[in-house]
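Enquirer: Give me coordinates for this.
(4 chains)
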There are 2 protein chains.
Amino acid sequence: MKIGELSKTTGCSIQTIRYYEKEGLLSTPERTEGNYRLYGERALKELEFIKHCRSLDIPLTDVKRLMELKNKPEESCASVNKLIAQQLALVNNRMRELKALKAELQQMASLCTTENTIEACGIIKSLDS
Amino acid sequence: MKIGELSKTTGCSIQTIRYYEKEGLLSTPERTEGNYRLYGERALKELEFIKHCRSLDIPLTDVKRLMELKNKPEESCASVNKLIAQQLALVNNRMRELKALKAELQQMASLCTTENTIEACGIIKSLDS
DNA sequence: TATAAAGTCTATAGTGACTATAGAGTCAAG
DNA sequence: CTTGACTCTATAGTCACTATAGACTTTATA
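Expert: Just a heads-up that it's a prediction; the model follows:
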C-alpha cells in the first residue's frame, strides 16, 4: 500500500510517517518506479507499535530502544521493565502536579462572576498574589 | 537590580527572562552605561505574575492577554473567566488521559518479572497488541 | 595597577514531536 | 490529453525554553 492508505489505516498523518522514517523508527520502505513509498504488513505493525507507545507518552528515543530490544529476544527484559517503571513515575508525577493545578484553577474560577470588572476580578487578584 | 539578581530572586533563568522580554511579556528595562539591564519592583511583579500563570500551564499568549487585561481595569472580566475555564477544561482532559495511561502502564509493569527474556516479556507483548 | 574571574551582552542553534508549506513530479479517470 | 488526486523532497514553523559562541563590562584579587 502507498503512504496515504497507511496513513488512513493507522490514523498517523503522512508527514508523521515520513518523520518516523527519517528518525529511523520505521524500516526503509520499498519504492515504486515512480518513487512512491510502498508498505506492507511489517510497516503496519511497526507503526502500530509506535502509536501504542506514543499513546503511553513514551518518548521516541525510548520507542526506538524498545524496538531494537524486540529484535534481541534472548536478552533480559530488565531494561524494558525499567523503562516502563520510569514512565510510570513520570506519569505519577505529572498527575500530582495536575491535581494541584486543577484545585487552584477551580478556586480561581469560583472567585469570578462574569459581572465583575477586571479591577474587582478575583482571578486577576489571585494570580497577582 | 541586574538580571542575575532578578534571576536568583524569582528562580527564572537569565535566558528565560530575556526571552520573556523579547516576546513582549516583560516591559523593556532600563540600561546601565555598560548596557546591562536594570530591573525594579515592577519587573519583579511582572515576572512573578508570569511565573504563577506558567505554573498553571497557561500558555504565554494567554499570559500576555491577561497582562494586557490587567491594564484595563474597567472592562468586564468575562474574558478572564473564560480563559480560566478553558484552562480548567484542558487540565481535566489531560487528567483523564493520564489516568488511563497510568492504568495501562501499571498493568504492563505487572506483566514483567526481571528474570524474563525479551522473548517472553509480557510488556513487549502487550505493546504489540 | 594589572589581571583574572565573574557577570552580562547579542545572536544563533538546538530541543521534541510533530505540522505546514512550496514547488515539482506521478498516476488514474473522463 | 488534461484535470485532479496523490506523492515526492526540502524547508520552515510551532512552543517554551535551553545552550552555546564570542565579545564586552564590572568586580575582586595579587
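
Enquirer: Any stretches of chain A with poor pLDDT?
Expert: Applying pLDDT under 70 to chain A flags residues A:114.

Enquirer: For it, just list every one of the strands.
Expert: Taking DSSP state E, the strands of chain A run over residues A:30-31, A:37-38.

Enquirer: Which stretch among those strands is buried most, on average?
Expert: Highest mean neighbour count of the strands of chain A: strand A:37-38, a mean of 16 (counted as mean count of other CB atoms under 10 Å in any protein chain shown). Just so you know, the C-beta spots here come from the backbone N, C-alpha and C atoms, and that holds for glycine as well.

Enquirer: about what we covered before: can you redo the strands of chain A as a markdown table, where the extra columns are distance to DNA strand C?
Expert: Formatted as a markdown table, the strands of chain A follow (distance: least, CB to the nearest atom of the strand, whole Å):
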| stretch | distance to DNA strand C |
| --- | --- |
| strand A:30-31 | 9 |
| strand A:37-38 | 11 |
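
Enquirer: is it possible to export these to TSV including distance to B:Leu83?
Expert: Formatted as TSV, these follow (distance: least, CB to CB, whole Å):
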stretch	distance to B:Leu83
strand A:30-31	49
strand A:37-38	43
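
Enquirer: Next up, the contacts around A:Ser76.
Expert: Neighbouring residues of A:Ser76 by CB atoms under 8 Å, 6 or more residues apart in numbering or on different chains: B:114-118.

Enquirer: any idea how far it is from DNA strand C?
Expert: 25 Å (CB to the nearest atom of the strand, to the nearest Å).

Enquirer: Name the nearest residue to the spatially most central residue of chain A, ignoring sequence neighbours.
Expert: The centroid of chain A falls nearest to A:Arg54 when counting by CA atoms, centre = their mean (3.6 Å). Nearest residue to A:Arg54, sequence neighbours excluded (CB to CB, 6 or more residues apart in numbering or on different chains): A:Val63, at 7.0 Å.

Enquirer: chain center to the longest helix anywhere in chain A: distance?
Expert: Longest helix of chain A, by residue count under DSSP state H: helix A:78-110. Relative to its chain's centre, helix A:78-110 lies at 15 Å (CA atoms, centre = their mean, to the nearest Å).

Enquirer: Wondering if it reaches DNA strand C at all.
Expert: No. Helix A:78-110 stays clear of DNA strand C (CB under 7 Å from any atom of the strand), getting no nearer than 11.1 Å.

Enquirer: For that helix, list every residue counted as buried.
Expert: A:80-81, A:83-84, A:87-88, A:90-91, A:94-95, A:98, A:101-102, A:104-105, A:108 (16 or more other CB atoms under 10 Å in any protein chain shown).
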